[in-house]
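pasting a predicted model and its sequence here:
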Amino acid sequence: MKFLDLTFPTPAENLAADEALLDLSEETGAPEILRVWEPTEYFVVVGYANKVNSEVDTAACRAKGIPIFRRCSGGGAVVQGPGCLNYSLVLNFAENPSLQTITQTNRFVMQRHRGLFESLLQRPVTIEGHTDLAMGHLKFSGNAQRRKKKFLLFHGTFLLDFDISLIEELLKMPSRQPAYRESRSHKNFLVNLGRPATEVKLALRQLWGASKSLGQLPDFSESITRKYRSHQWNKKF
């Protein structure tokens, strides 16, 4: 597996990079990839099928000048910014029996990440819903995936030192909630890990055996980046 630690200057570029890496592997059969990145500005990201007005307080976003984007994978709406650590796995499911279905993939990745954080935190970590990681029933990671014919993208966020009060301001209560949430507000449902990003990055790299750097970054298609900057894509529902 190759490793890439790269944060682009804009949210659109960072979101486009995940899809571009998936497309690269699908089209060329490139090695599997682990990418990590840390946003430097605040923005909202909705899941592929989310209705923006149902999940996001758009008036609050406008008032604060915080842009709204859509990603290529499922899942719910999130707020990104300093204090988040994002990771992206591009995996070859055509050659891995543990990744043949959405459910199998969720189980495979989440169980590995649960073990990683139990080791780092020295306390119990649980998998909640389908793709949440929680500590004491407080969520610190949400994840999603997108599948093509041979490769899949599995990506997510870890809350390390994020301003959770901002999530309360910018997101509505989600239209779909896992049972363990019990209708709790964002501020009463989420928790920061309080661990340095460097520590988590190293642990992820060791867990996934991403021993070699990706090296020269492939030329990302301008059409993909342009899509993530477009109103038509970001507000399509």
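All right, it came through fine.

partner strands of the helix or strand that contains S88 and their direction?
Taking DSSP states H and E as the definition, S88 sits inside strand 84-92. When pairing is defined by DSSP bridges, strand 84-92 lines up against strand 33-37 (antiparallel), strand 151-159 (antiparallel).

the shortest one: which residues count as buried?
Using 16 or more other Cβ atoms under 10 Å as the test for burial, strand 33-37 gives I33, L34, R35, V36, W37. Where C-beta positions appear, they are placed from N, C-alpha and C, glycine not excepted.

which helices and strands sit right next to the helix or strand following it?
With elements assigned by DSSP H and E, the helix or strand that comes after strand 33-37 is strand 43-46. Using 3 or more Cβ pairs under 8 Å, 6 or more residues apart in numbering; DSSP states H and E as the contact test, the elements touching strand 43-46 are helix 11-28, strand 68-70, strand 78-80.

out of the strands paired with strand 84-92, flag the one nearest L99.
Of all these, strand 151-159 sits nearest to L99, with 6.7 Å by Cβ to Cβ.

which residues touch the closest one?
18-19, 21-22, 25-26, 72-73, 78, 80, 83-94, 99, 105, 109, 131, 140-147, 190-193, 200 (Cβ atoms under 8 Å, 6 or more residues apart in numbering).

by how many degrees do that strand and helix 11-28 diverge?
Strand 151-159 runs at 150 degrees relative to helix 11-28, counting by axes from the mean of the first three to the mean of the last three Cα atoms, to 10 degrees.

quick one: mean pLDDT over strand 151-159.
Mean pLDDT, strand 151-159: 97.

what's the next helix or strand after it packed up against?
Downstream of strand 151-159, the next assigned helix or strand under DSSP H and E is helix 164-170. Judged by 3+ Cβ pairs under 8 Å, 6+ apart, the packing partners of helix 164-170 are helix 58-64, strand 78-80, helix 186-189.

quick one: the closest residue in space to G81 that isn't next to it in sequence and S165, what's the gap?
Distances taken as Cβ to Cβ, 6 or more residues apart in numbering place Y42 nearest to G81, at 3.7 Å, with adjacent residues excluded. Noted for Y42: a distance of 12 Å to S165, by Cβ to Cβ, to the nearest Å.

neighbour-wise, which of these two wins?
Neighbour count, other Cβ atoms under 10 Å: between Y42 and S165, Y42 has more, with 21 against 10.

who's sitting farthest from the centroid in the protein?
Centroid-distance maximum for the chain: A63 at 25.4 Å, with Cα atoms, centre = their mean.
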